[in-house]
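J.: with the input below, show me the fold.
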Amino acid sequence: MKRSSRALLAIRRIATGVAVVVGLVVAALTVWFLLSPSAPPGHLERVGTNRVDPELAGVGDRSLEMGRDVAVRLGLASVSFAASVGGNVVWQAAMGLADVKREELVTATTLYRTGSVAKPMTSVVLGRLVEAGLLDLDMPVRTYLPEVEGPLGEATLRQLAGHSAGVRHYAGPPARDFWTEQFTGRHFEPAREALPLVLGDPLRFAPGEGFAYSTHGYTVLAAAMEAATGKGILELLDEYLTGPLGMRNTLPDDVRRMSGARATTYIRRGNRFLIPPDPDPSYKWAGGGLLSTPTDLVRMAGGLMTGGILGPGTVEELWTPLPLPDGEPNPQNYGLGWRIDPGAAGEDGRESLRTVHHGGSIIGGSSFLLLLPEDEVAVAVMTNATLSDPGPLREVVYRMAGLWTIVARERAERELVRELAR
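T.: Residues are numbered from 1 along each chain as shown. All right, here's what the predicted structure looks like:
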């Protein structure tokens, strides 16, 4: 009887302890919510930047209204857009607040988290290294990283870039690595230092035998790029991409040296904008740890479509979906750092254009970059909020791209008329 009484007392103590912990957590979350700012009325009517080619003011105004409508619907703190035609930036627009509490207005140079839009950037650098003869896409990883043994060591750089190497993605709850990955404060530099995060884990399948989207795979890829060149991934991004294209507002999201130009990151709950924890993303610079602007993103897109950064053959290699073992396209039509919708003729006889794109979702940020290569049109959007469903934001980018495609075709027709008149 005494033993059962002691056991009951122990259970009560444990239950009391759990209740206290839960109460403290609830209290902390309540305080966090109540101390978080709410945006002033009409904050998305406040435009920090609206620059457009004077001849295209009407298209710019329509795009701006499209952007504002979706931002209001999603309840964003701020949103920034940019479009390029023929490799030239023709429109920039930014509205809302980069910092809600201070009511700091966003501008076209406000920095946002790229999330996975870092992967297309890394793929461009990869393409340049291949063109320079410093890398071979079909060499196994162990050629560059001898410490990567076993099946992963046999995976090629092409398979890593195309998510067919079998490397896992982020750990989700209740996995052991969930908290250390999503909220780590540890800094990794260079990428090779982050390899232990995944080297001990089994592959999801043998390299080349399937498709599994993986940011960690891009960390392994970045480490191989570093080993082949003797330069860190951030140095490679600067030398082979951001420097040549003048992408002055693309840089690492380094929480040790916070940029004053970075928009405050938020999670929206009701009418409140909650500031989430700020983990160190250095373990995934190459796959999702950068800051940028929509203007820089469309500059990169323009450089690809007009041949200003890579040869056309290399671009097409990046934009070719890797097939599954049975020859069918992979489920995301993923190439090397890009998703590709090939376009097709519909039942009504109308053809849809090929599009190339990539999105990024991260705590405190969402981004999307869309390219229409045949018309040399690109549109990008970035925001400083976590979105449970980024679909509406991406849909408006497609609608905007339709407007700018009309501009591109009208310009092409006028140029053709001038050529014929000579």
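
J.: for the strand ranked longest in the chain, which strands pair with it and how are they oriented?
T.: Secondary structure of the chain read by DSSP state E shows that its longest strand is strand 88-99. Strand 88-99 has its sheet partners listed here by DSSP bridges as strand 47-52 (antiparallel), strand 78-85 (antiparallel), strand 104-105 (antiparallel).

J.: can I get those in a markdown table with mean neighbour count and mean pLDDT?
T.: Any C-beta I mention is one placed from the backbone N, CA and C, and that applies to glycine too. Listed next are the strands paired with strand 88-99 as a markdown table, based on neighbours: other Cβ atoms under 10 Å; pLDDT from 0 to 100:
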| stretch | mean neighbour count | mean pLDDT |
| --- | --- | --- |
| strand 47-52 | 17 | 96 |
| strand 78-85 | 29 | 98 |
| strand 104-105 | 16 | 96 |
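
J.: would you reformat these as CSV and include distance to residue 70?
T.: Shown next, in CSV, are those (distance: least, Cβ to Cβ, whole Å):
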stretch, distance to residue 70
strand 47-52, 15
strand 78-85, 8
strand 104-105, 19
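
J.: which among the ones you listed is found nearest to residue 265?
T.: Comparing the strands paired with strand 88-99 by their distance to residue 265 (Cβ to Cβ), the top pick is strand 78-85, with 11.0 Å.

J.: buried sites along the helix or strand where residue 418 lies?
T.: Per DSSP states H and E, residue 418 falls inside helix 391-421. Across helix 391-421, burial judged by 16 or more other Cβ atoms under 10 Å covers 393, 394, 396, 397, 400, 401, 403, 404, 405, 407, 408, 411.

J.: so the nearest residue to residue 88 once chain neighbours are set aside: helix, strand or coil?
T.: Spatial nearest neighbour of residue 88, excluding adjacent residues (Cβ to Cβ, 6 or more residues apart in numbering): residue 302 at 6.8 Å. Following DSSP: H, G, I helix; E, B strand; the rest coil, residue 302 is assigned to helix.

J.: still on that earlier bit, what is the helix holding residue 418 packed up against?
T.: helix 57-74, strand 78-85, strand 88-99, strand 355-362, strand 365-372, strand 377-383 (3 or more Cβ pairs under 8 Å, 6 or more residues apart in numbering; DSSP states H and E).

J.: in TSV, list these along with distance to residue 117.
T.: Listed next are those as TSV, based on distance: least, Cβ to Cβ, whole Å:
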stretch	distance to residue 117
helix 57-74	18
strand 78-85	13
strand 88-99	17
strand 355-362	4
strand 365-372	5
strand 377-383	8
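
J.: tell me where the stretch 151-300 of the chain has helices.
T.: 157-161, 178-182, 196-199, 215-229, 233-237, 285-288, 294-305 (DSSP state H, counting those that start in this stretch).

J.: can I get those in a markdown table with mean pLDDT?
T.: Below are these laid out as a markdown table (pLDDT from 0 to 100):
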| stretch | mean pLDDT |
| --- | --- |
| helix 157-161 | 98 |
| helix 178-182 | 63 |
| helix 196-199 | 88 |
| helix 215-229 | 98 |
| helix 233-237 | 97 |
| helix 285-288 | 96 |
| helix 294-305 | 98 |
